[in-house]
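Trainee: Any chance you could fold what I've pasted below:
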Amino acid sequence: MLKKIMFLLILIQCCIFCNFSFSKSYYSVLLDEDFSSKIGAENLLTVHKGLTIATEKLIKLKYFSENNIWGKTGGIFFRVGRALAIDYPLNKYTRSTQHEIYGHGAAVRGFDEYAKLNYIISHPYSYSSSYTFIKKRSRIYTSHEKLSIFYSGSQANTILSNQVRYKCLQKREIDFRDGLLYLYPFHDLTKYILRTKYDLPFYTKIYIGDIFGYLELFNYYNRSQKGDTNKLELDELADGVLINFINPFQFFCVYTFVKSYLWDGNSKGSLPMIKIGKTGYLPSFRYGLTPWGPEYFFENFITYNSKVINFFIRRSQPVVDYNYWGIGVTLLNIVAKPQFSMDFETNIWNQPPLYLWGNKPYKTSNSYGGALFCSINQKIDVLPGMVYITGQLGYKTLGFMEGEILDKGLIVRIGLSFKV
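Mentor: Take a look at the predicted model:
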């Protein structure tokens, strides 16, 4: 069923995008073996972009002069209503689909190809929950596999938000719809942890079960497998996740929505960066969960001409008896030509052992691992517009990397991209 949906998306996006070649970022429709979080983010962003292009042609941002207080007030109220009627439900369906189908679902598909999953995506204006449940499984899952199911929903939305940020950096501007789409997925984990701690009354316990489930299973595994009496506490997660607010890009998104969209009636605003000659720099911190506990990210985004680089450092939060770290770099448009472009990504890590496939790890100490990916975009001359065939080939060793399977293996992704 998911494969049929992907082919339908390719046809729809060809119709929408073939006549658009005016900007500098690739939007893709991709396939891989497990329908992973990474292709989910790319595919959903492509659909999102196509729908925003279509809706702006149908419903403009301005319909009358706003040179006086009545015109300005009317324009602001109109744009607030437009955002609530169009952008809010579109964004909520996007992030809910990424969280459930390409988050929790992708985690299960990564280690149980025979599992049967059911998804419920809630109405965008309701307080009801979107959720995923496993209807049938082929075997008993290990503790680390179960933990990956709990954190994978929010992790998938982190991947979605990072893809939004990469596309804005490539264009050197923020579309207010991209800014809105960035904010909620980026703070998906923030929301879950803080909402769990403060038990906000208008949400149900079921809806915030990911964090409860993660903590309970993590602490049980530590006691039963390691004899460790130190517990990972909810307060420690709530303190750690506050680092997500040390991220200037999110404030630029808010400014673009308020100033460029609501006040000025424009769809886009500039993206400020620290300038060093022709090079732009934007730092950011964020928080994440792993099979061994929480970790911090320090990301460094650098732009030069059409290139975007992200060099990051990962480090475990010192609250449990695990010590792990990693470094990585993403290079977008490292080779950039009119008909061809190439991206690279590499990760190196030092992590504790993983318990997968029912086999207890034979090592008890940390070990090194890593991953390497190469992506290409090649122009298809027989099609109008800026349509490219896209392929990604990668390999990772056993270990945790956001958006990828826990096990070692070769990773292949292929599809079409549109330069929009």
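Trainee: Would you confirm that residue 72 contacts residue 65?
Mentor: No. With contact defined as Cβ atoms under 8 Å, residue 72 does not reach residue 65; the gap is 9.5 Å. All C-beta spots, glycine's among them, are computed from the backbone N, C-alpha and C.
Trainee: Looking at those two, which one has more neighbours?
Mentor: residue 72 (15 against 11; other Cβ atoms under 10 Å).
Trainee: residues touching the closest residue to residue 351 other than its chain neighbours, list them.
Mentor: Excluding the flanking residues, the one nearest residue 351 by Cβ to Cβ, 6 or more residues apart in numbering is residue 324, at 4.5 Å. Contacts for residue 324 (Cβ atoms under 8 Å, 6 or more residues apart in numbering) come out as 290, 292, 295, 314, 316, 349-352, 366.
Trainee: Narrow these to those in strands?
Mentor: 290, 295, 314, 316, 349-351 (DSSP state E).
Trainee: In terms of helices and strands, where is residue 150?
Mentor: Secondary structure from DSSP states H and E places residue 150 in helix 143-171.
Trainee: so where's the stretch 1-150 of the chain uncertain?
Mentor: 1-23 (pLDDT under 70).
Trainee: all strands of the chain, in order?
Mentor: 26-31, 116-120, 131-136, 173-175, 268-270, 274-276, 279-290, 293-304, 307-316, 325-337, 340-351, 367-379, 387-396, 409-419.
Trainee: In TSV, list those along with distance to residue 159 and mean neighbour count.
Mentor: What follows is the strands of the chain, written out as TSV (distance: least, Cβ to Cβ, whole Å; neighbours: other Cβ atoms under 10 Å):
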stretch	distance to residue 159	mean neighbour count
strand 26-31	13	22
strand 116-120	18	14
strand 131-136	17	14
strand 173-175	19	23
strand 268-270	24	17
strand 274-276	25	10
strand 279-290	10	19
strand 293-304	12	19
strand 307-316	13	18
strand 325-337	12	17
strand 340-351	12	18
strand 367-379	14	17
strand 387-396	14	18
strand 409-419	14	19
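Trainee: For those strands, give me a markdown table that also has distance to residue 46.
Mentor: Putting the strands of the chain into a markdown table (distance: least, Cβ to Cβ, whole Å) gives the following:
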| stretch | distance to residue 46 |
| --- | --- |
| strand 26-31 | 4 |
| strand 116-120 | 20 |
| strand 131-136 | 23 |
| strand 173-175 | 14 |
| strand 268-270 | 19 |
| strand 274-276 | 30 |
| strand 279-290 | 24 |
| strand 293-304 | 22 |
| strand 307-316 | 18 |
| strand 325-337 | 16 |
| strand 340-351 | 17 |
| strand 367-379 | 14 |
| strand 387-396 | 11 |
| strand 409-419 | 7 |
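Trainee: Just the pLDDT for residue 408.
Mentor: Predicted confidence (pLDDT) for residue 408: 93.
Trainee: Setting the sequence-adjacent residues aside, check what's closest to residue 184.
Mentor: Per Cβ to Cβ, 6+ apart, closest to residue 184 is residue 95, 5.4 Å.
Trainee: so who does that neighbour touch?
Mentor: 157, 160, 181, 184-185, 188.
Trainee: how about residue 151, what does it touch?
Mentor: Contacts for residue 151 (Cβ under 8 Å, 6+ apart) come out as 210, 214, 288-290.
Trainee: So what does the residue of the chain most remote from its centre have for phi and psi?
Mentor: Here the chain reaches farthest from its C-alpha mean at residue 68, the gap being 41.1 Å by Cα atoms, centre = their mean. Here is the backbone geometry of residue 68 (degrees, to the nearest 10): phi -130, psi 180.
Trainee: can you tell me how far it sits from residue 58?
Mentor: Residue 68 is 27 Å from residue 58, where distance means Cβ to Cβ, to the nearest Å.
Trainee: Likewise for residue 113?
Mentor: Using Cβ to Cβ, one gets 41 Å for the distance from residue 113 to residue 58.
Trainee: Same drill for the two, tell me which one is more crowded.
Mentor: When neighbours are counted by other Cβ under 10 Å, residue 113 comes out ahead of the other of residue 113 and residue 58, with 10 against 7.
Trainee: how close does the more buried one sit to residue 223?
Mentor: Taken as Cβ to Cβ, the span from residue 113 to residue 223 is 31 Å.
Trainee: burial measure for the closest residue to residue 59 other than its chain neighbours, as a count.
Mentor: Excluding its sequence neighbours, the residue lying closest to residue 59 (Cβ to Cβ, 6+ apart) is residue 82, at 6.4 Å. Look at residue 82: counted by other Cβ under 10 Å, it has 17 neighbours.
Trainee: My understanding was that residue 82 contacts residue 61; is that so?
Mentor: Yes. Between residue 82 and residue 61 there is a contact under Cβ under 8 Å: 7.5 Å.
Trainee: how about the closest residue to residue 336 other than its chain neighbours, phi and psi?
Mentor: Leaving aside its sequence neighbours, residue 336 sits nearest to residue 306 (Cβ to Cβ, 6+ apart; 4.8 Å). Per-residue torsions, residue 306: phi -90, psi 0 (degrees, to the nearest 10).
Trainee: let's number from 77 now, not from 1
Mentor: Right, with 77 as the first residue, what we last looked at is residue 382.
Trainee: what's near enough to touch residue 382?
Mentor: 100, 246, 409, 412.
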